[in-house]
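Enquirer: could you work out the structure for the sequence below:
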Amino acid sequence: MWEIYDALIEGIPKNFITDELICGKHDSYIRSGSGSGIASSRPYETRMPMFTKNLIGLPLRDVATCVKSWNFMEASIGAAAINAYYNNPQVARDNGVMFSDSKRVEDRKFDPFIMSQNEVKGKKVAVVGHFPHIESLFEPICDFSIIEWDPEDSDYPMSACEFLLPECDYVYLTCTSIVDKTLPRLLELSKNAKLITVVGPGTPLAPVLFNYGIGDLSGFIIKDNLRALRIAAGAEKLKIATAGQKVAFKK
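Expert: Below you'll find the predicted structure:
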């Protein structure tokens, strides 16, 4: 079950250092050199963290191992470390991710749900994670289900994944499934789907994920490190989208 996590961690070179780290109420943020990454958390700290030492100054790869923690706040730090490498603009560009050099880009152009509206017409679709405005985009055009950890009206609970995902043509998975460790099982359940997309600003833009059945990584490149840090710390009450650009990285 750890194979996908080990592959992400081992792809980080040993010379990348953890320069800044914020573990905020909603998001964790890490900067390594000119690149930074962010990851959302689940509010569960029932288990002790793996590390109590100072993580700043450690190799990024070592901090990335926190993603295996069952303390989900600590796991979000590990996921942010993974993204600080793979979503570094230079690394992402070298891996084939295309994005603009402009500070602000219209998000709708790279929104995975808007981009796939024609493709999913008439198909069976599941979205794990209740993303904003998703009902208005998908409900009128496809057989559509939302599955959520904290279900809202009409959402399915997480246990429905076992029954719904194997029958779907298109599956969209929240990137927080990396932090909460549901990703390996969700990928297994979705193996019959024509396309699996991982969605959210905490999505690692890592080509190795294409080896595990994922066909589309809908992630985020941070272009303004300082603003992203302030947002993660709660000093600026803005959406993280204001600090960078959504990107679509397809297999």
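Enquirer: tell me where the stretch 101-250 of the chain has strands.
Expert: 124-128, 143-148, 156-157, 170-174, 195-199, 216-222, 244-250 (DSSP state E, counting those that start in this stretch).
Enquirer: relative to Glu135, which of those is closest?
Expert: Across the strands of the stretch 101-250 of the chain, Glu135 has its closest neighbour in strand 143-148 (7.5 Å, C-beta to C-beta). No exception for glycine: its C-beta is placed from N, CA and C like everyone else's.
Enquirer: ok so, going back, let's have the strands of the stretch 101-250 of the chain in CSV, adding distance to Pro184, mean pLDDT and mean neighbour count.
Expert: Shown next, in CSV, are the strands of the stretch 101-250 of the chain (distance: least, C-beta to C-beta, whole Å; pLDDT from 0 to 100; neighbours: other C-beta atoms under 10 Å):
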stretch, distance to Pro184, mean pLDDT, mean neighbour count
strand 124-128, 13, 98, 25
strand 143-148, 16, 96, 19
strand 156-157, 20, 97, 14
strand 170-174, 11, 98, 26
strand 195-199, 12, 98, 24
strand 216-222, 16, 97, 25
strand 244-250, 20, 95, 21
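Enquirer: let's have the ones you listed in CSV, adding distance to Glu74.
Expert: Listed next are the strands of the stretch 101-250 of the chain as CSV, based on distance: least, C-beta to C-beta, whole Å:
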stretch, distance to Glu74
strand 124-128, 22
strand 143-148, 23
strand 156-157, 26
strand 170-174, 19
strand 195-199, 21
strand 216-222, 21
strand 244-250, 24
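Enquirer: who wins for proximity to Met98 among these?
Expert: Nearest of the strands of the stretch 101-250 of the chain (C-beta to C-beta): strand 244-250, 7.3 Å.
Enquirer: CA atoms of the closest one as CSV?
Expert: Output in CSV follows, covering the C-alpha atoms of strand 244-250 (Å, rounded to 0.1, in the frame of the first residue of the first chain):
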residue,chain,number,x,y,z
GLY,A,244,-0.5,31.0,-8.5
GLN,A,245,-2.1,29.1,-11.3
LYS,A,246,-4.2,25.9,-11.8
VAL,A,247,-2.6,23.5,-14.3
ALA,A,248,-3.7,20.4,-16.1
PHE,A,249,-1.0,17.7,-16.5
LYS,A,250,-2.2,14.8,-18.6
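Enquirer: what angle do that strand and strand 195-199 make?
Expert: 160 degrees (axes from the mean of the first three to the mean of the last three C-alpha atoms, to 10 degrees).
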